[in-house]
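Trainee: Sequence and predicted structure are below.
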4 protein chains.
Amino acid sequence: MNFLSDNAVGVAPEIMGALAEANRGPSMPYGADDWTRRVERKMAEIFERDVRVFPVATGTAANALSLACLAPPYGAIYAHEEAHVMVDECGAPEMFTGGAKLRPLPGAHGKLTAEILERALTRDHSGDVHQAIPAAVSVTQTTEAGTVYKPAELQAIAEVARRHKVRLHMDGARFANAMAFLGVPARQATWEAGIDVLSFGGSKGGCMAAEAVVFFDPALADSFGHRRMRAGHLVSKMRFISAQLDAYLADGLWLKLARHANAMAQRLAQGLSAVLPRFPGARLLHPVEANEVFVQLPAGIIADLRQAGFAFYDWPGEDGPAIRLVTAFNTESGHVELLLKTVRDLAGRAA
Amino acid sequence: MNFLSDNAVGVAPEIMGALAEANRGPSMPYGADDWTRRVERKMAEIFERDVRVFPVATGTAANALSLACLAPPYGAIYAHEEAHVMVDECGAPEMFTGGAKLRPLPGAHGKLTAEILERALTRDHSGDVHQAIPAAVSVTQTTEAGTVYKPAELQAIAEVARRHKVRLHMDGARFANAMAFLGVPARQATWEAGIDVLSFGGSKGGCMAAEAVVFFDPALADSFGHRRMRAGHLVSKMRFISAQLDAYLADGLWLKLARHANAMAQRLAQGLSAVLPRFPGARLLHPVEANEVFVQLPAGIIADLRQAGFAFYDWPGEDGPAIRLVTAFNTESGHVELLLKTVRDLAGRAA
Amino acid sequence: MNFLSDNAVGVAPEIMGALAEANRGPSMPYGADDWTRRVERKMAEIFERDVRVFPVATGTAANALSLACLAPPYGAIYAHEEAHVMVDECGAPEMFTGGAKLRPLPGAHGKLTAEILERALTRDHSGDVHQAIPAAVSVTQTTEAGTVYKPAELQAIAEVARRHKVRLHMDGARFANAMAFLGVPARQATWEAGIDVLSFGGSKGGCMAAEAVVFFDPALADSFGHRRMRAGHLVSKMRFISAQLDAYLADGLWLKLARHANAMAQRLAQGLSAVLPRFPGARLLHPVEANEVFVQLPAGIIADLRQAGFAFYDWPGEDGPAIRLVTAFNTESGHVELLLKTVRDLAGRAA
Amino acid sequence: MNFLSDNAVGVAPEIMGALAEANRGPSMPYGADDWTRRVERKMAEIFERDVRVFPVATGTAANALSLACLAPPYGAIYAHEEAHVMVDECGAPEMFTGGAKLRPLPGAHGKLTAEILERALTRDHSGDVHQAIPAAVSVTQTTEAGTVYKPAELQAIAEVARRHKVRLHMDGARFANAMAFLGVPARQATWEAGIDVLSFGGSKGGCMAAEAVVFFDPALADSFGHRRMRAGHLVSKMRFISAQLDAYLADGLWLKLARHANAMAQRLAQGLSAVLPRFPGARLLHPVEANEVFVQLPAGIIADLRQAGFAFYDWPGEDGPAIRLVTAFNTESGHVELLLKTVRDLAGRAA
């Protein structure tokens, strides 16, 4: 039973259907097709404003290309010290920006705060050529800790960024999960809150390999087309990327799938909260707000869970071993209940 | 009727079927899956030797990542002046290598020759730090002119490369068409002829978005994994790229599809050859050996063909306007015959 | 007797004196000093307009930093196929621009022409993301063939560049020699002719290690300071670079030194012209307009000259071996006469 | 009176003399000269082993070129969070390595510790392509806090580095000051302690613009020549860089000059220690071991010192304003005594 990651699952049937549908007759390559145009229109509806949208196949491409539009090679990019752009992209932002400086910032539960950002930007805005010019901030929504920025938190960060003339990017690999949690209009948690560019994730939400870079400030997008091409991210039969997004956005599918994943994580969190006090040191490490549950557990219990057939990754805990459980658009509630029952049984045996 | 490009067509049904098939249950992400392993095994069978294989989604990624494994930032890369890596990738090789120098070479019908390469390498192997060190040669098979290198031509180039300690890459976006034309074992036109790394194309042959980088010298591949990741080209749900290749390679499908495309181009070439003498200046610009036909035609005839519903790109001619006709795995012979009939009718009317 | 290069000679005494003079007391580092300010003022006088000036220690740095201000990573830079930026900087323009595409153009006697440039820019301005966007042209004044662009030739090139929205850089490593030859006001051969940025050479003219990047369009210079710093080209004790330039520009020293070098080359050219007809195949390969003389000579004569104590580089000839003779600010006329006499003697002996 | 920086002072007379001496007759350019060869020989004597030595004009160039030889683009480089390579080179290491990831580490008084490094390397050596491969550590000797690593501290760091297969670079912009403080043979604080490459500083020690990259492991230097050229750091009249180093190394001049600077700083530290207790919150922020003194002082006192004619930079303090006083090879003891007297007077007036 798979709780490894939301990229270890397959593709939603609606999206497989859309791919089959898109495979009828020829079509102009490189994005000059109806599907790609439709995705831009749907994004404009979802965000209630004009946007420029560029489909790509991976989240790392979406992030690194976005940041390359925001930061010059002599610029600095700020993000949480555990952000994907900081530690899980093998230096993609450095590569795509031509060597911009990535500056990691601390923050509880995977979140930047306006205060920490303010301190860093004040320190680094020296006006001296020895320092890379602060150019962009990247926030991750849902964060790497499975938590979600509230619109007011984003606004506070954006206010600092704006004052320091720094642009704001959102890594939304799990944007759908965050929006499903927040339950507000998409504009409130993005451009109204000050986001300039969004990596709108599809792959983790149920697509096969599809993300969309959404520019709320169209002027920032001018070089995107050429940058995407030279990075090898202009898929020739683009309609098959766009068709995924087209189906994902249709009739709120993206939110529906995310709500299911979130609900499965909530059920895990509730069930675990009831039983964790029975293990020494065991606890949830972060608030569960989207589709990830971080649990510190005794090493023996972790081994027993694996033995019982559950798949998940180890994760750094606070003062002991921990694991990450990720739910997805198609996580079966039976698997969730079985995991909870197994933990309860282990607690009973341990007692 | 579409003769625009082999990337303006859809996906072969066998490959769509394989995608649906791959969408059953969870699977490890990032290439630790059965499909990816199977692709490597099948490539080993096709090339009759151990290989290391890395699937990616685009040909530009395959080329630029390959070249980055062959050439240091202070190296020089040689290719035909009309090669895709030279003029159609918006500087991807420069980006991925960290700024290697691309050195264009001339050559009739899109082909490098051993003589031209020898002259260039002798000139540039100065031993002086002012010059970028010759590091790699890239040949395109099928070339941009729709011609095919014979094994002996490749051997002659490879012999020059080896003598100058330069590695040899093959851009095989249309490798299948070349192999269908040559009718020799794949090894004869690749590693036995001296190729170190091959970009094995799938997208133009009938896949959705799938190419494979095939290393014949495994030592050259050591950095590929990290380079692919930081370029954003490690697709998380990799099985869906690999499943395309897996089906494409199964039971010689790749060759079967290419044979059809080639046959359609041959039919075009034969039919056109018969009628072109009736137009002033009209002629085939290159031998037709794969799935592309380059035809110089009077401007009025080109316009008439478009008017009649045929789609194709303009192309630089020799002493007049020209067009490129591309056939694909699913080009209908009815469309080909209709095009030929239309040209004959236009010739009749012109007379 | 040294005819190797104008960088194989020492430093003019006026410049050594200025260095000693500058070494009195402390001074603000990184260019916030009087010498640096004075250089900018003197350049403004020489060019009869406001300029922004940045001293650096090498010509390659001056060129690559200039081009990085003109061309984005997805841009293309055009220059003569034998230009220093094209073949003698080991890829510095590629490195500093973050991977821009260098596109070599042919041209007799080391010169670009408006016609050749027009053809290339028309071809490459496709508007298609597959092609790097034409961004900059670099002309070399004095060219690598020792010839000099006339103001009208520069204007014609600049007119093409402007029409294609491409910026114009001048590599002026031997700018002084060109100006000494032309005898026109500096503005006529630079910004009035359409040059946007000039690498104003000092090292080859008699400085120790000093070049100045001169921006005629100040807006282009905005990122220069940070780019110079991150390239390691902001010399901390900058006054010692600027003091060289300050002395070099004072009272027309730069032109005076160049006039001497040019006169020595003219004498060589005249003397050789008289005797070359007596050797089979021997001739001057390019008009001698500055301080370089390219001579095709029988191999035996070249060997004899070396044997007689003259130092120079071999150079590619047209249909036989050739050599390059370079004169400098301090070339002794006695050495020139001795070389000519030696050649005459060899001619006599050969007869 | 200047306590701004050791790059705000001039050039030692011995070095000016050597420059004049080097300016006799022609010499082969680009480092094929006697001075450059002599510098390599002298370094071999100083370090008591074979070395490969490359002169450059700036410390940032020395550092960034060194690191580019140690870390691939997909590598990670570790250094103290306040190190010059981390925050004062505007991203030069990112630029020269082609986008390697710089990972800042904390540490008291500007020093890395083996423990902190061990934790970071263990965390990052995941074997997963998502993470940049740990490739190099850079230590700064003298540190940015004016402190000096003892050989045993370096050994402990090197032991961690070696175990994790990570190379060790030393930024020795103030290497002379450190060696003057340590009083041990140079080998003990470099290659015997595990340093692979050293940026041996000259400019801050009394040269005009000269640093030497010293490779203790010659194999690491193979690409240095080409990397230096393409970075524009191969000075054509190289002898004038090397002549500075030649004189600087002759007869222990480098150590003699550093000893003077250190002695002046010690005198400052002693004098200040006696009087600081009389100001609230005032104290030395770091042990004074080389030529820098960091003093937290009341804002009014800082203003008074400036008013009295002393020049220095503000610096971040711990819980109040602070300043940095830097002494140099030619700091006059009269200036030091005057500064101390001024502080004492201010203390008396404050009482």
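Mentor: Ah, there it is.
Trainee: Residue A:279: what's its closest spatial neighbour, skipping adjacent residues?
Mentor: Leaving aside its chain neighbours, residue A:279 sits nearest to residue A:298 (5.4 Å; criterion: CB to CB, 6 or more residues apart in numbering or on different chains). Placement of C-beta: from N, CA and C, glycine included.
Trainee: show me what contacts that neighbour?
Mentor: For residue A:298, the residues meeting the contact criterion (CB atoms under 8 Å, 6 or more residues apart in numbering or on different chains) are A:279, A:280, A:281, A:282, A:320, A:321.
Trainee: One more: residue A:142?
Mentor: Residues near residue A:142 by CB under 8 Å, 6+ apart: A:148, A:173, A:174, A:175, A:177, A:178, A:181, A:289, A:290, A:291, A:292.
Trainee: tell me which strands and helices the top helix by length along chain A is in contact with?
Mentor: If you go by DSSP state H, chain A has its longest helix at helix A:253-275. Contact partners of helix A:253-275 among helices and strands, from 3 or more CB pairs under 8 Å, 6 or more residues apart in numbering or on different chains; DSSP states H and E: helix A:175-182, strand A:283-284, strand A:292-296, strand A:322-326, helix A:333-350.
Trainee: Lowest average confidence across those, which one?
Mentor: The minimum mean pLDDT among the helices and strands packed on helix A:253-275 belongs to helix A:333-350 (a mean of 94).
Trainee: does any part of that helix sit near chain B?
Mentor: No: under the criterion of CB under 8 Å from any CB of the partner chain, chain B is not reached by helix A:333-350; the shortest gap measures 10.6 Å.
Trainee: just to revisit the earlier point, identify, from the contacts of residue A:142, the entry nearest to chain B.
Mentor: The shortest approach to chain B among the contacts of residue A:142 belongs to residue A:173, at 9.5 Å (CB to the nearest CB).
Trainee: what separates that closest one from residue B:211, distance-wise?
Mentor: For residue A:173, the distance to residue B:211 (CB to CB, to the nearest Å) stands at 24 Å.
Trainee: Mind checking which of those two has more residues around it?
Mentor: Shown here are residue A:173 and residue B:211; by other CB atoms under 10 Å in any protein chain shown, residue B:211 has more neighbours (31 against 28).
Trainee: Would you mind naming the residues that bridge with the more buried one?
Mentor: Beta-bridge pairing of residue B:211 under DSSP bridges involves residue B:56, residue B:201.
Trainee: That one contacts residue B:204, doesn't it?
Mentor: No: taking CB atoms under 8 Å as the contact criterion, residue B:211 and residue B:204 are not neighbours in contact, 9.2 Å apart.
Trainee: joint contacts of these two?
Mentor: The contact lists of residue B:211 and residue B:204 share B:59, B:173, where a contact means CB under 8 Å, 6+ apart.
Trainee: Which positions in chain A make contact with chain C?
Mentor: Applying CB under 8 Å from any CB, we find that chain A lies next to chain C at A:30, A:72-74, A:98-99, A:129-130, A:132-133, A:223, A:225-230, A:234.
Trainee: If we use 7 Å, what do you get?
Mentor: Residues of chain A lying near chain C by CB under 7 Å from any CB of the partner chain: A:72-74, A:98, A:129-130, A:133, A:223, A:225-227, A:229-230, A:234.
Trainee: Format those residues as CSV; extra columns: secondary structure.
Mentor: Output for these, formatted as CSV (DSSP: H, G, I helix; E, B strand; the rest coil):
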residue, secondary structure
A:72, coil
A:73, coil
A:74, coil
A:98, coil
A:129, coil
A:130, coil
A:133, strand
A:223, coil
A:225, helix
A:226, helix
A:227, helix
A:229, helix
A:230, helix
A:234, coil
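Trainee: which residue ranges form the helices in the stretch 1-150 of chain A?
Mentor: When secondary structure is read from DSSP state H, counting those that start in this stretch, the stretch 1-150 of chain A shows helices at A:13-22, A:34-47, A:59-70, A:84-87, A:92-97, A:114-124.
Trainee: on that earlier part again, pick out the most distant pair among the residues of chain A next to chain C.
Mentor: Longest distance between any two of the residues of chain A next to chain C is 37.1 Å, between A:130 and A:234; criterion CB to CB.
Trainee: if you count what's nearby, which of the two comes out ahead?
Mentor: The neighbour count for residue A:130 versus residue A:234, taken as other CB under 10 Å, is higher for residue A:234 (25 against 17).
Trainee: What's the separation between the nearest residue to the more buried one once chain neighbours are set aside and residue A:211?
Mentor: Excluding its sequence neighbours, the residue lying closest to residue A:234 (CB to CB, 6+ apart) is residue A:228, at 5.2 Å. Counting by CB to CB, the gap between residue A:228 and residue A:211 amounts to 12 Å.
Trainee: Then residue A:99?
Mentor: The gap separating residue A:99 from residue A:211 is 24 Å, by CB to CB.
Trainee: What of residue A:273?
Mentor: Residue A:273 sits 33 Å away from residue A:211 when distances are taken as CB to CB.
Trainee: now do residue A:177
Mentor: Counting by CB to CB, the gap from residue A:177 to residue A:211 is 14 Å.
Trainee: What mean pLDDT does the one helix or strand residue A:305 maps to get?
Mentor: Assigned by DSSP states H and E, residue A:305 falls within helix A:299-307. What helix A:299-307 shows for mean pLDDT is 97.
Trainee: list the helices and strands it packs on?
Mentor: Helix A:299-307 sits against helix A:333-350, with contacts defined as 3 or more CB pairs under 7 Å, 6 or more residues apart in numbering or on different chains; DSSP states H and E.
Trainee: Counting by contacts, list what the helix it packs on packs against.
Mentor: Helix A:333-350 makes packing contacts with helix A:253-275, helix A:299-307 when contacts are defined by 3+ CB pairs under 7 Å, 6+ apart.
Trainee: Repeat the analysis, applying 6 Å as the threshold.
Mentor: In this structure, helix A:333-350 makes packing contacts with helix A:253-275, judged by 3 or more CB pairs under 6 Å, 6 or more residues apart in numbering or on different chains; DSSP states H and E.
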